[in-house]
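*Asks:* no letters, just coordinates:
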């Protein structure tokens, strides 16, 4: 572990201070701890006469609180039949609830899931109104989100089956197999049976830290898949705790408003349903990335880069933020710009190497996960802009000529997408050199969003990588409407059982129409003008 180079005040440091200062929320002082940042933001004590148990939770407004909770309950109950359920359930089989997974029972379960989703989205929109009107503070948003999340802790996987792949990849090293050398098809029994067929022969594309976590969970739960899902979800909640703890500090640096940030990032259905209800290991990445970035902004450079290195040891995409965080460090050093960047890069590498090596040695794996990063590229869907462009060109040319293969079209557009991503990423990094500080973190968030958008393959929860850093910026009401629309789309990009829904265009149009109404309703209480307009009648005799 290297020691931090000597700090000094430079013109770049002055630029950082100017970027960080906002009238509503001045920059955090040097050396401020995470706890010190949370307390002023979340704990504005009311007058003693108004203090009570409800005020302790921020006085959340009952309608969105309980409407969203009901939605989560319906999602959890419907998920028992329509979610990513076990192939052979040792609890429900032989009971009346087994009918919930077949025939008309399954259809009813699907309807219950979408009813719950509708209530969840509507409650989120109502909470957004309260946030905009400043009727709901940060503590109220956090309390509301926590209640919505409770049913997600015990539900079967929702809109995905990835957690079963996680458990299989943790089981493989326990049975003497390299998770980077082959797929879970070398296993047998319920661990293999519940992995989605698409991933059964695919090596793990995750870093050594996540393999270590999955191995520990698999060692405890064995072939008990229900216990494995629940324990995996609890492990991923560490990421949620880190994320929530980092948001007040990131808001102070990036100039946002904490209730809005919590509404966008924590109460969001993508967080509630995908990251927690899934569960997905992206939640751990998000927590480590956001807290690491905050520590770097708070001048704890080595510790912050160490945490972001751990995020990269979960998923490689987090490594995109490291070059930007090095610039934050460099802006606080003395000397010419090039010298400062070289010094900060050397110090950052000095932190990165031992942390990553420790994760690799602890997991007892090699670097085989680097070639395995190609595994997601097997996914072909238009959620990736580069892949979608290839499909569009193929469909147009195929309609005119016919008899063509789709693969060359997709390969070419993916290469073009990669070139665009690399070009924009480098330009964003170069633009961050002078200012560093919050500007570099914002640009890192933008590039992470572009990674999700332009990668060869994209899944809905990939967009949370960039939002982990961008949630703390200032958001307008119009932008919040866009967040509602996009978030609902990302949730319904898969069916409740985890199968992709992106080519069921009638279904997408129907659900997105509802999402559009919810987005408009954020600013217009009656977007469809359903309320009757009573015209007063003149009084008459008799």
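*Replies:* All right, it came through fine. From a predicted model like this one, the values you see are computed outputs, not experimental measurements.
*Asks:* tell me which residues in the helix or strand residue 308 falls within are buried?
*Replies:* Per DSSP states H and E, residue 308 falls inside helix 301-312. Buried residues in helix 301-312, counted by 16 or more other C-beta atoms under 10 Å: 301, 302, 304, 305, 306, 307, 308, 309, 310, 311, 312. The C-beta positions use only the backbone N, C-alpha and C, and glycine is treated the same way.
*Asks:* quick one: that helix to chain centroid distance?
*Replies:* Centre-to-centre, helix 301-312 and its host chain are 18 Å apart (C-alpha atoms, centre = their mean, to the nearest Å).
*Asks:* what average pLDDT does the following helix or strand past it get?
*Replies:* From helix 301-312 onward toward the C-terminus, using DSSP H and E, the following helix or strand is helix 322-330. For helix 322-330, the mean per-residue pLDDT is 96.
*Asks:* hang on, the earlier thing: what is the helix holding residue 308 packed up against?
*Replies:* With contacts taken as 3 or more C-beta pairs under 8 Å, 6 or more residues apart in numbering; DSSP states H and E, helix 301-312 sits against helix 282-297, helix 322-330, helix 337-363.
*Asks:* check the ones you listed for me and report the most buried one.
*Replies:* Of all the helices and strands packed on helix 301-312, helix 282-297 has the most neighbours on average by mean count of other C-beta atoms under 10 Å, namely a mean of 29.
*Asks:* what sits against residue 492?
*Replies:* Neighbour list for residue 492: 117, 501, 507, 508, 511, 512 [criterion: C-beta atoms under 8 Å, 6 or more residues apart in numbering].
*Asks:* let me fix that: residue 286
*Replies:* 239, 243, 275, 464, 465, 468.
*Asks:* circling back: top of the contacts of residue 492 by number of neighbours, please.
*Replies:* Within those, neighbour counts (other C-beta atoms under 10 Å) peak at residue 117, which reaches 25 neighbours.
*Asks:* ok, so of the contacts of residue 286, who is nearest residue 409?
*Replies:* Lowest distance from residue 409 to the contacts of residue 286 (C-beta to C-beta) belongs to residue 465, with 27.2 Å.
*Asks:* pipe the helices and strands packed on helix 301-312 into TSV and attach distance to residue 196 per row.
*Replies:* What follows is these, written out as TSV (distance: least, C-beta to C-beta, whole Å):
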stretch	distance to residue 196
helix 282-297	17
helix 322-330	32
helix 337-363	23
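*Asks:* and those: which comes nearest residue 383?
*Replies:* Residue 383 lies closest, by C-beta to C-beta, to one member of the helices and strands packed on helix 301-312: helix 282-297, at 14.6 Å.
*Asks:* by how many degrees do that closest one and helix 337-363 diverge?
*Replies:* If you take axes from the mean of the first three to the mean of the last three C-alpha atoms, to 10 degrees, helix 282-297 sits at 140 degrees to helix 337-363.
*Asks:* I figured residue 64 hits residue 124, correct?
*Replies:* Yes. Taking contacts as C-beta atoms under 8 Å, residue 64 lies within contact range of residue 124: 7.4 Å.
*Asks:* shaky segments in this structure?
*Replies:* Along the chain, the model assigns pLDDT under 70 to residues 1-51, 369, 372-377, 531-542.
*Asks:* nearest to residue 447, of the contacts of residue 286?
*Replies:* Closest to residue 447, out of all of the contacts of residue 286 and judged by C-beta to C-beta, is residue 465, at 9.7 Å.
*Asks:* let me know the secondary structure of that closest one.
*Replies:* Residue 465 falls in the helix class when you classify it by DSSP: H, G, I helix; E, B strand; the rest coil.
*Asks:* just residue 113 next, same as before
*Replies:* At residue 113 the chain is in helix, as set by three-state DSSP.
*Asks:* which residues sit against the helix holding residue 308?
*Replies:* For helix 301-312, the surrounding residues in contact (C-beta under 8 Å, 6+ apart) are 1-2, 4, 207, 209, 284-285, 288-289, 291-298, 318-319, 321-322, 325-326, 328-329, 344, 347-348, 351-352, 355-356, 359.
*Asks:* could you rerun that using 6 Å?
*Replies:* Applying C-beta atoms under 6 Å, 6 or more residues apart in numbering, the external contacts of helix 301-312 come out as 4, 209, 285, 288-289, 291-292, 295-296, 318-319, 321-322, 325, 329, 348, 351-352, 355-356.
*Asks:* before we move on, the earlier item: tell me the one of the buried residues of helix 301-312 nearest residue 522?
*Replies:* residue 311 (31.8 Å).
*Asks:* quick check: the closest one vs residue 457, distance?
*Replies:* Distance, residue 311 to residue 457, by C-beta to C-beta, to the nearest Å: 20 Å.
*Asks:* what do you get for residue 235?
*Replies:* Here residue 235 is placed at a distance of 25 Å from residue 457 (C-beta to C-beta).
*Asks:* out of the buried residues of helix 301-312, which one sits closest to residue 423?
*Replies:* Closest to residue 423, out of all of these and judged by C-beta to C-beta, is residue 312, at 22.4 Å.
*Asks:* JSON lines for the buried residues of helix 301-312, including distance to residue 225?
*Replies:* Shown next, in JSON lines, are the buried residues of helix 301-312 (distance: C-beta to C-beta, whole Å):
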{"residue": "301", "distance to residue 225": "42"}
{"residue": "302", "distance to residue 225": "40"}
{"residue": "304", "distance to residue 225": "37"}
{"residue": "305", "distance to residue 225": "37"}
{"residue": "306", "distance to residue 225": "34"}
{"residue": "307", "distance to residue 225": "31"}
{"residue": "308", "distance to residue 225": "32"}
{"residue": "309", "distance to residue 225": "31"}
{"residue": "310", "distance to residue 225": "27"}
{"residue": "311", "distance to residue 225": "27"}
{"residue": "312", "distance to residue 225": "29"}
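*Asks:* between these, which is closest to residue 493?
*Replies:* Closest approach to residue 493 among those (C-beta to C-beta): residue 311, at 23.9 Å.
*Asks:* check the gap between that closest one and residue 325 for me.
*Replies:* 11 Å.
*Asks:* residues contacting the most centrally placed residue in the chain?
*Replies:* The centroid of the chain falls nearest to residue 464 when counting by C-alpha atoms, centre = their mean (3.1 Å). Going by C-beta under 6 Å, 6+ apart, residue 464 touches 282, 286.
*Asks:* how much space is there between it and residue 370?
*Replies:* Applying C-beta to C-beta, the value for residue 464 to residue 370 is 23 Å.
*Asks:* swap in residue 249?
*Replies:* Applying C-beta to C-beta to residue 249 and residue 370 gives a distance of 33 Å.
*Asks:* of those two, give the one with the bigger neighbour count.
*Replies:* When residue 249 and residue 370 are compared for neighbours, residue 249 comes out ahead with 25 against 12, by other C-beta under 10 Å.
*Asks:* so which strand or helix has the more buried one?
*Replies:* Secondary structure assigned from DSSP H and E places residue 249 in helix 225-254.
*Asks:* what angle do the helix or strand that comes right after that helix and helix 225-254 make?
*Replies:* Next helix or strand after helix 225-254 toward the C-terminus (DSSP H and E): helix 258-265. Counting by the same axes, to 10 degrees, helix 258-265 lies at 140 degrees to helix 225-254.
*Asks:* helix 258-265 packs against which elements?
*Replies:* With contacts taken as 3 or more C-beta pairs under 6 Å, 6 or more residues apart in numbering; DSSP states H and E, helix 258-265 sits against helix 103-132, helix 138-149, helix 225-254.
*Asks:* please redo it, this time with the cut-off set to 8 Å
*Replies:* With contacts taken as 3+ C-beta pairs under 8 Å, 6+ apart, helix 258-265 sits against helix 103-132, helix 138-149, helix 225-254, helix 464-470, helix 477-491.
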